[in-house]
Every structure is written in structure tokens, then in C-alpha cells.
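>>> need a structure here:
(one chain, ligands or ions: 1)
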Amino acid sequence: MDKANRKAIIAGNWKMNKTATEAVELIDALIPAVKDANCEVVICTPFTTLVTAVEKTKGTNIHVGAENVHFEKSGAFTGEISADMLVDLGVEYVITGHSERRQYFAETDETVNKRTLAALNAGLKVLVCVGENLTQREQGVTEELVRMQTKIALNGVTAEQMANVVIAYEPVWAIGTGKTATSDQAQEVCAAIRKVLGELYGEAVAKATTIQYGGSMNAGNAEELLGKPDVDGGLIGGASLKADAFATIVAAASK
Ligand SMILES: O=C[C@H](O)COP(=O)(O)O
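This is a model prediction of the structure:
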């Protein structure tokens with residue numbers, strides 16, 4: 001299976017943005033803007049706007065995801081949200097391992113693994129984020145680090161469950177900084193991720209798995225990044241908050 005046969009996925013990660021009122025406005029603008037997409041379109045919204053997003057996107061080609069999930073099924077975990085709660089709302093996707101969760105909320109490879117397993121076992125599709133920071137890139141350990149993050153995040157995930165896993169390569173130094181990885185840098189690391197998937201699950205799974213790039217992807221650079229053979233989509237932060245910019249990226253992935 002080559003790139004043309006893999007599912008291209010453009011996912012917006014709204015992060016901590018948009019009140020419910022603002023979410024309605026954005027989704028109203030997005031629905032007509034992405035209706036002809038020839039790729040999967042996902043919006044990952046804050047917990048407070050998931051109900052609105054699920055309701056507003058019913059009958060459209062927009063899929064809804066959450067930005068995080070806890071690994072326990074229920075219990076005394078104040079402030080957390082379980083996978084079953086997300087499924088019950090009609091949410092289809094969830095992000096695990098975003099670098100902001102790792103950096104600001106002390107998430108580790110091990111908890112990313114637990115969240116990923118809990119989400120998959122509940123029937124969610126998971127966007128698993130991996131990526132190096134600037135120091136790690138400068139130290140020349142990007143590939144080793146991303147290999148390790150990928151292996152630990154997927155520990156215990158079956159080959160069958162991999163049909164519901166997307167890997168998002170997000171170099172931390174490129175997130176929200178306006179410093180995009182070059183398309184060659186993105187390709188190099190996405191190819192390394194596909195190689196490790198091959199080692200873990202075999203060629204067929206590796207070739208079938210969607211691998212996204214994320215980090216200052218925008219309307220101006222999306223086409224070049226998405227043109228690379230192992231870059232199958234994008235996880236978009238800032239540019240997902242504006243309907244026209246997000247729609248341009250969706251259009252680039254639809255070619
Ligand atoms: O999840 C999305 C990434 O963190 C990228 O964010 P950004 O597009 O604002 O750089």
C-alpha cells in the first residue's frame with residue numbers, strides 16, 4: 001500500500017480555545033468550507049465544546065475528537081474524563097501524548113501508553129503524538145527518541161487495533177512558533193516512524209498507518225509538507241482556529 005491508498009487525515013487541535021458560542025461560529029463556517037474534502041476532516045475540541053461539536057457536525061463529513069483522555073474507566077480522578085464518557089457523547093477521536101500535555105502536565109511515555117490503550121479499548125480512534133524538542137534535535141537523537149516514544153506509546157496495542165491508530169509527528173520546536181520543519185525533515189522522521197511500525201507490526205500495518213506532521217502547518221506550507229511520501233496528513237493548531245486557513249489545508253490534502 002502506498003500513500004495514495006492510505007487515509008489522509010487533517011485534524012484541527014483547538015487546544016484551550018473557543019467558548020461554546022465561538023465554537024458554533026467556527027463550525028458553521030467550516031461545514032461548507034470542507035464539504036468537498038477528499039480526506040478525513042477531524043476537529044479536536046476542548047471538553048466543554050464536544051457536545052456542541054458532535055451535535056453541529058451530525059450529517060456532515062467532519063469528525064469530532066477530544067484533546068486528551070484519562071486511562072481509568074471511572075473513579076476518584078478529579079478533573080479527568082474517561083474514554084467511555086467520550087464515546088457516550090459521540091466523540092470518535094482522541095489525541096494522546098501531545099507535547100503540551102507532556103511538558104505542562106507531567107505526562108510520560110508510560111501514561112501516554114495507558115491513555116492510548118484505554119482509548120482504543122473503548123473504541124476510540126487515537127492520534128498519538130511524538131516528537132523531539134530543540135535540544136534533542138541538536139543532540140542528534142531525534143530518530144532514537146521518536147522511535148522510543150512510538151514503541152512505548154504502542155506497547156500492548158495489537159496489529160488489529162493499529163487500524164484505529166494515527167501517529168502525529170510534532171517536533172516541539174515547531175509547535176506554535178512559526179518555525180515549520182522543512183518538508184525533508186518531516187519526511188525523514190515520518191519515514192523513521194513508519195520503519196519502527198514495520199518492526200513492531202510488519203510491513204502491511206506500517207504501510208497502512210496514517211502518519212501526520214504537526215507544527216506550524218498552515219495554508220502556505222501545507223501542500224509542500226503533504227506532498228512528501230510518508231506525510232499523510234496534518235495535526236493543526238493555530239491554523240485550525242480559522243475556517244479559511246483550515247479549509248485550505250484540507251484542500252491541499254484532498255489533491
Ligand atoms: O496539535 C497541534 C500542534 O501542536 C501544532 O500546533 P501549531 O499548528 O499551532 O504549531
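>>> so Leu226 sits right up against Ala253, yeah?
Yes. Using CB atoms under 8 Å as the test, Leu226 is close enough to Ala253 to be in contact (5.3 Å). Any C-beta I mention is one placed from the backbone N, CA and C, and that applies to glycine too.
>>> intersection of neighbour lists for the two?
Applying CB atoms under 8 Å, 6 or more residues apart in numbering, one finds that Leu226 and Ala253 are jointly contacted by 8, 233-234.
>>> what about Leu120, distance to the ligand?
In this structure, Leu120 and the ligand are 20 Å apart, going by CB to the nearest ligand atom, to the nearest Å.
>>> which non-adjacent residue is nearest that residue?
Spatially, and ignoring its direct neighbours in sequence, Leu120 is nearest to Gln161 (4.8 Å; CB to CB, 6 or more residues apart in numbering).
>>> circling back to that earlier point, so which of the shared contacts of Leu226 and Ala253 is the most crowded?
Gly234 (32 neighbours; other CB atoms under 10 Å).
>>> Helix or strand: which one has that residue?
strand 233-236 (DSSP states H and E).
>>> average model confidence for that strand?
Mean per-residue pLDDT for strand 233-236: 98.
>>> Adjacent strands (with direction) for it?
The strands beside strand 233-236 in its sheet (DSSP bridges) come out as strand 9-13 (parallel), strand 211-213 (parallel).
>>> Any chance you could list what contacts it?
Contacts for strand 233-236 (CB under 8 Å, 6+ apart): 7-13, 39-40, 95, 127, 129, 166, 168, 170, 210-214, 217-218, 222, 225-226, 246, 249, 253.
>>> now stretch 27-38
8, 10, 41, 43, 52-53, 56-57, 60-62, 243-244, 246-247, 250-251, 253-255.
>>> Now intersect these with the strands, please.
When DSSP state E is applied, those are split such that 10, 41, 43, 62 fall in strands.
>>> Could you measure from the second one over to Tyr213?
When CB to CB, to the nearest Å is applied, the distance between Val41 and Tyr213 equals 16 Å.
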